[in-house]
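> Fold the following, please.
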Amino acid sequence: MRRLHSQFLKSVLVAASSWSALSTPAQAQSGIPTPPAYNLIKEADIKADMFAMAGDAMRGREGGTLDEMRASMWVGDQYAKIGLKPMGENGTWYQWFNMRRSRIATASSSIRIAGKPFALWAEATPTSNTDGDVLGTTVFAGDGSDSTIDVRGKVAVITLKPTSEGTRTTINTPEYRAVRQGLTVQATAMTRRGASAVIIVADDLGEANFDAVAILQSRGTYTVPGGANRFATPADPSGGRGGRGAGAGAGAGAGAGAGGRANNPQGRGGAAGAAGAAGTGGGRGQLAGAGPVPVIMVHKAMLTQLRQNGQGVEIHIKSEVFDYPSMNIIGVVRGTDPKLRDEYVVFSSHQDHDGVRFDMAGDSIWNGADDNASTSVALLAIARSWVKQPSKRSALFIFHGSEERGLLGSLWHAAHPVVPLSSMAAVLNGDMMGRNHPDTASILGVQPPHRNSNSLVSMAIEANNRTGKFVLDSIWDRPTHTEGWYFRSDHLPYARAGVPALMYSTNLHEDYHTARDNPDRINFPKLTRMTQWMYLTGWIVGNAKNRPTLDPGFQLER
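Residues are numbered from 1 along each chain as shown. As a prediction, this is how the structure comes out:
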């Protein structure tokens, strides 16, 4: 932790020194005063909501489960108590969508080694969703580094060699990441050498993380049929915004890894090579044009037996696909100006997290306090203030479902918006707003190629100068940053559809996507200041004479 903090503070100093050019627009004040309702944002309310939403009773709010539904019903109840008006289907708070899950079918898949059946996920775990049928014999190839061993047409048996090379800094635990990356690298090497299947025997670290790999892998991958294409070219804003929404049609959204957020610089579940680190797809082990190659991880205790060549192996891996529901939760506060009330400031969060997973120091509930109950409770606080004092433009409050499964809720809403995308003046999205240094934060979408509205950036920086006064770390918004943080939250589909959009964050930490992300680790004074900053940005947008304008030629791809 000390090393992480040291690196973080260094990055802040570098970022602060480079921020002056970005903060220049803030010098032009909007002239919009801070409203009295600003004082209704209370730390006590934020804290109480946090312990309710991210407590163990919600069981981690995993997308597409009854636990996400329970949390969503709770959010709907809060909307009603606050006084929002429903904007979901049939007069409710909820916009429903089907998420499509693809996973290995345990009942119809089987693995036999030397005639002995191995129980999936308990004794042998596939490392990807690859279908395959293999009959063959084994050849032991050590850790796979000896290229003189001929594995062509054989079931290659190798020992796991975990590696942190090529992994990110904060996806699950460092040990898990090293195991997943080792599986990916070694399996890829064996399949390039012509193996018909690969069996990887766990080492000590792999043994310690065997259940983690199995539990996360067994979840499979997810898409949202009919959702926006998250990799579409951003809409051309020419034509008086009438062109908004291009690329937000009926294309299927890209799926995310079962490990929780296929956190990938090009967006979850999208670019090749990220799946291993994310918890699915790693070790897929096949070349372009080659047939599927199953990759199986087994326990360390199998090593003695599997050193012997020529053992018969029979692998049958079958996948299954099915749909089940998730939902967005949408409420509105109508604006006060008859001419502007049909334009909307959109406040965005996601209510889901990773659910009940593998045990970490006696805790298997991944509560997701910072990710993303932090922004969710911030939106509830903002809504309380907004109801008491609405802006000229209307305010739309959206909790997106199944974000952790691949931005599924925002992809769906971007393709099926409850108000026209062209009427959205700005999307203010937050993700993880309650940790790290008390006086630093990030806002993503403030510098090219991520910036799509310089005028919205000016409003956000002005709001920060008047509220939290955070030192703004610009490094996380750079296209060269290894985490690709901009591509990993719910503002992305809206930005691609031509809506001015920003993401508020206090960045990753060592508890990210672990069972340690609990309410008692949140810095509530900081989260309150982040809430005030987000609120005042929205207030400026909601009352400005002119809505934020889009930058010409906005393009996200690097």
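
> Could I have the CA atoms of stretch 48-59 written out in PDB?
As requested, C-alpha coordinates have been extracted for stretch 48-59 and formatted as PDB (Å, rounded to 0.1, in the frame of the first residue of the first chain):
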ATOM      1  CA  ALA A  48     -26.600   6.300   5.800                       C
ATOM      2  CA  ASP A  49     -27.400   5.500   2.200                       C
ATOM      3  CA  MET A  50     -23.900   4.000   1.700                       C
ATOM      4  CA  PHE A  51     -24.300   1.500   4.500                       C
ATOM      5  CA  ALA A  52     -27.700   0.500   3.300                       C
ATOM      6  CA  MET A  53     -26.800   0.100  -0.400                       C
ATOM      7  CA  ALA A  54     -23.300  -1.500   0.100                       C
ATOM      8  CA  GLY A  55     -24.100  -3.500   3.200                       C
ATOM      9  CA  ASP A  56     -24.000  -7.300   3.300                       C
ATOM     10  CA  ALA A  57     -27.800  -7.500   3.000                       C
ATOM     11  CA  MET A  58     -27.600  -6.500  -0.600                       C
ATOM     12  CA  ARG A  59     -25.100  -9.300  -1.200                       C
END
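
> other SSEs contacting the helix or strand where Phe399 lies?
With elements taken from DSSP states H and E, the one containing Phe399 is strand 394-400. The contact analysis (3 or more C-beta pairs under 8 Å, 6 or more residues apart in numbering; DSSP states H and E) places strand 394-400 against helix 66-82, strand 319-333, strand 344-350, helix 374-388, helix 408-415. Placement of C-beta: from N, CA and C, glycine included.

> possible to save the ones you listed as CSV with distance to Ala426?
Supplementary listing: those in CSV, determined by distance: least, C-beta to C-beta, whole Å:
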stretch, distance to Ala426
helix 66-82, 21
strand 319-333, 15
strand 344-350, 6
helix 374-388, 14
helix 408-415, 14
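
> how about the ones you listed, which one is nearest Thr188?
If you check each of the helices and strands packed on strand 394-400 against Thr188 by C-beta to C-beta, strand 319-333 wins as the nearest, at 20.4 Å.

> Pull up the per-residue confidence for Gly243.
The score at Gly243 is 35. That number is its pLDDT.

> To clarify, my last question referred to Ser423.
The per-residue pLDDT of Ser423 was computed as 98.

> residues near it, how many?
The local packing count at Ser423 equals 18, with neighbours defined by other C-beta atoms under 10 Å.

> Then Asp45?
16.

> re the thing from before, the strand holding Phe399 - which strands sit beside it in the sheet, and in what orientation?
Here strand 394-400 is paired, per DSSP bridges, with strand 319-333 (antiparallel), strand 344-350 (parallel).

> Would you tell me what the next helix or strand after the last one is?
So the one you mean is strand 344-350. strand 355-360.

> quick one: average pLDDT of the helix or strand just after that next one?
Tracing the chain past strand 355-360, the next element assigned as helix or strand by DSSP H and E is strand 363-366. Here strand 363-366 scores 96 as its mean pLDDT.

> What residues sit buried inside strand 363-366?
For strand 363-366, burial by neighbour count (16 or more other C-beta atoms under 10 Å) applies to 365-366.
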